[in-house]
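K.L.:
have a look; sequence and predicted model below, questions after that.
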Amino acid sequence: MSEGQKDTIKTRALSIAFIVLALAIFKPFGLEAWQWMGLAHLLAIFLLGIVSCMLTEGILKYIVRKPRSLECGVDYIIRRNLWFQLINTPLVSLLICLYRHFVMSDLVPGNVLSWSNYFETLLIIAFGSFAIGLYWRFKFRSRYLTAELEETRLLNEQLQRLQQETEQRALAAARSAQVHELSEAPQQPISENQLPSVVTLAGTTSETVMVRIADLLYIEAVGNYVKIYHLHEGAVQSSMLRATSKQMEDDLRAYPMIVRCHRAFLVNLQQVEEIVSRSGAMQLLIKHSHDFLPVSRSNMTQVKEAIKQLQ
């Protein structure tokens, strides 16, 4: 069992225990009539809550298609927890009503299966779920944001190492070229695996844009066109092509430093100055232009893996 699963079980168990404690204090459903036997009924209600949580987790994962994941961001976790409450609260209320009808109706004849009893139970459980939900929302949001800031710091360190290594390789290649030129030694043939440093990007028309990969900042999709931001003589310049970002992504697939960070953006990771985390959302600060590019949740994992694999 993973740490995430253990954490989920612990969270659900504590939530149910909180609600059972509230039931023990206020004694609804005629619990005061059972005296010491009421403790056994509270234990049974606790177990029913565990069963209900397990059923709800299965519904979320296989039917609603919302698996538990910390990679999708704090907003996803909050939305998933809301879905959990919307499904689990009516379900556990139904289970408790059935338990009241079949087990607790001996001393309390009013514990029969009826709409009035169901709505009474639903109101009590909903109030308890709302109270405990506020607590967990605050606690997990703080915990997740702390973990996210730490991950962002580590990614920035990896990004800086990547860019330093790239600059060192470029400097070493330039020095090697100078040595060959001075010694008039024949140049070594280019390896088949060596990628060209200059690419020509073409659209659906006859227009093309020639750009050095090292100077490419990012590509933005604008309607039926793409806007290519790159350096030209030290200044940021943009060029328009009638094409799709998917076409540009296919043309640049051989370059692992060019990745999709958003539905509308392709970015050159070597031109990212800093990764910024703001309220659960990741953004990329681009060098020279100082633009912030959003990182969508569907592309967040891809960007992180690209930074790690380029090391």
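P.N.:
Nice, thanks for sending it over. None of the values given here were measured: they were computed from a predicted structure.
K.L.:
use CA for all of it now, contacts and neighbours both
P.N.:
Fine.
K.L.:
for this protein, give me the ranges with low pLDDT.
P.N.:
For the chain, residues meeting the criterion pLDDT under 70 lie at 1-2, 4, 70-75, 141, 170, 173-174, 176-194, 279-280, 311.
K.L.:
go again with 80.
P.N.:
1-8, 68-78, 136-151, 162-163, 165-196, 278-281, 310-311 (pLDDT under 80).
K.L.:
and the longest helix for it?
P.N.:
Ordering each helix of the chain by length in residues (DSSP state H) puts helix 115-183 first.
K.L.:
list the helices and strands it packs on?
P.N.:
The contact analysis (3 or more CA pairs under 8 Å, 6 or more residues apart in numbering; DSSP states H and E) places helix 115-183 against helix 3-26, helix 74-102, strand 272-278, helix 297-309.
K.L.:
can I get those in TSV including distance to K246 and mean neighbour count?
P.N.:
Formatted as TSV, the helices and strands packed on helix 115-183 follow (distance: least, CA to CA, whole Å; neighbours: other CA atoms under 10 Å):
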stretch	distance to K246	mean neighbour count
helix 3-26	35	15
helix 74-102	26	19
strand 272-278	21	19
helix 297-309	14	15
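K.L.:
and of the ones you listed, who's closest to K287?
P.N.:
Smallest distance to K287 across the helices and strands packed on helix 115-183 (CA to CA): 5.2 Å, for strand 272-278.
K.L.:
got a list of contacts for that closest one?
P.N.:
With contact meaning CA atoms under 8 Å, 6 or more residues apart in numbering, strand 272-278 is reached by 148-149, 152, 155-156, 282-287.
K.L.:
repeat the analysis, applying 6 Å as the threshold.
P.N.:
Strand 272-278 has contacts (CA atoms under 6 Å, 6 or more residues apart in numbering) with 282-287.
K.L.:
quick check: next helix or strand after the longest helix of the chain?
P.N.:
strand 198-202 (DSSP states H and E).
K.L.:
which helices and strands sit right next to that following strand?
P.N.:
strand 208-212 (3 or more CA pairs under 6 Å, 6 or more residues apart in numbering; DSSP states H and E).
K.L.:
tell me the strands beside the helix or strand following the strand it packs on, with direction?
P.N.:
Reading on from strand 208-212 to the C-terminus, the next helix or strand found by DSSP H and E is strand 216-222. According to DSSP bridges, strand 216-222 has the following sheet partners: strand 225-232 (antiparallel), strand 265-268 (antiparallel).
K.L.:
out of these, deepest packed?
P.N.:
strand 265-268 (a mean of 22; mean count of other CA atoms under 10 Å).
K.L.:
can you list contacts of that strand?
P.N.:
So strand 265-268 is contacted by 217-220, 257-260 (CA under 6 Å, 6+ apart).
K.L.:
which among those residues end up buried?
P.N.:
Buried members of those, scored by 16 or more other CA atoms under 10 Å, are 217-220, 257-260.
K.L.:
hmm, which two among those are most spread apart?
P.N.:
E220 and M257 (16.1 Å).
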